[in-house]
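Q: Here is my input; please provide its structure:
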Amino acid sequence: MYERKILGLAEAEKAVKAMVEEASKGGRPMSIAVLDPWGILISFVRMDGAGPLTARMAMNKAYTAASFGMDTRMFFGWLKQADKDIAWYDDHRLTAVYGGVVIRDKDGIPVAAIGTSGRTQEEDEELALVGKKALEGVV
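A: Alright, predicted model coming up:
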């Protein structure tokens with residue numbers, strides 16, 4: 001039998017709460033998605049005023065991080081190094097834009113992924129890392 005830990009709703013919402021608090025301090029409104037290791041949505045929020053594209057991008061960033069088990073920043077570098085085009089994977093949800101972060105348990109196993117969108121890719125990534133930090137000691 002195969003068993004795998006995944007982030008629960010309570011943990012996902014803890015990360016989302018931390019990210020919303022941070023994002024509310026200033027700047028543009030954002031969308032935040034937390035997905036399980038298979039790329040299925042656990043928790044999502046689109047802040048008031050965040051555009052519709054931010055919702056899709058947040059989910060796609062988390063989906064990419066979950067699918068490859070690496071942050072989207074790392075995925076971008078891997079694509080360049082491997083001289084691969086993202087279209088080769090034939091998956092319209094994949095993106096190499098920063099802002100997708102993998103969440104791992106204490107054994108290094110991916111249990112979730114966070115994706116954020118609404119600001120520059122560097123700012124999106126910083127916010128996703130706020131969510132990841134909120135889960136330290138929990139996963």
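Q: Let me see the ranges of the strands in this protein.
A: All strands of the chain, identified by DSSP state E, fall at 31-35, 41-46, 100-104, 110-117.
Q: Compare those and report which one is nearest to Met59.
A: Nearest to Met59, of all these, is strand 31-35, at 4.4 Å by C-beta to C-beta. Every residue, glycine included, has its C-beta placed from N, CA and C.
Q: can you tell me which helix in the protein is longest?
A: Counting residues, the longest helix found in the chain (DSSP state H) is helix 52-68.
Q: Need the contact partners of that one.
A: Helix 52-68 is contacted by residues 29-39, 41, 44, 46, 71-72, 75, 78, 91, 93-102, 110, 112-118, 124, 128 when judged by C-beta atoms under 8 Å, 6 or more residues apart in numbering.
Q: Give me the PyMOL select line for those residues, limited to the buried ones.
A: To isolate the buried ones among those in PyMOL, judged by 16 or more other C-beta atoms under 10 Å, type:
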select buried, resi 29+30+31+32+33+34+35+36+37+39+44+46+71+72+75+94+95+96+97+98+99+100+101+102+110+112+113+114+115+116+117+118+124+128
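Q: Tell me which residue lies farthest from the centre of the protein.
A: Distance from the C-alpha centroid of the chain, by C-alpha atoms, centre = their mean, peaks at Met1 (28.6 Å).
Q: what's the pLDDT at that one?
A: Met1 carries a pLDDT score of 86 in this model.
Q: ok, now Val138?
A: 82.
Q: pLDDT at the nearest residue to it once chain neighbours are set aside, what is it?
A: Excluding the flanking residues, the one nearest Val138 by C-beta to C-beta, 6 or more residues apart in numbering is Glu11, at 5.5 Å. Glu11 carries a pLDDT value of 97.
Q: Please apply the same query to Lys80.
A: Per-residue pLDDT puts Lys80 at 90.
Q: how close does it get to Thr64?
A: 15 Å (C-beta to C-beta, to the nearest Å).
Q: Those two: who's more crowded?
A: Set Lys80 next to Thr64 and count neighbours by other C-beta atoms under 10 Å: Thr64 wins out with 29 against 10.
Q: quick one: contacts of the helix or strand bottoming out on mean pLDDT in the chain?
A: None of the helices or strands of the chain scores lower by mean pLDDT, DSSP states H and E than helix 72-82, at a mean of 94. Residues outside helix 72-82 that contact it (C-beta under 8 Å, 6+ apart) are 61, 64-65, 68, 70, 85-86, 95-101, 115, 125.
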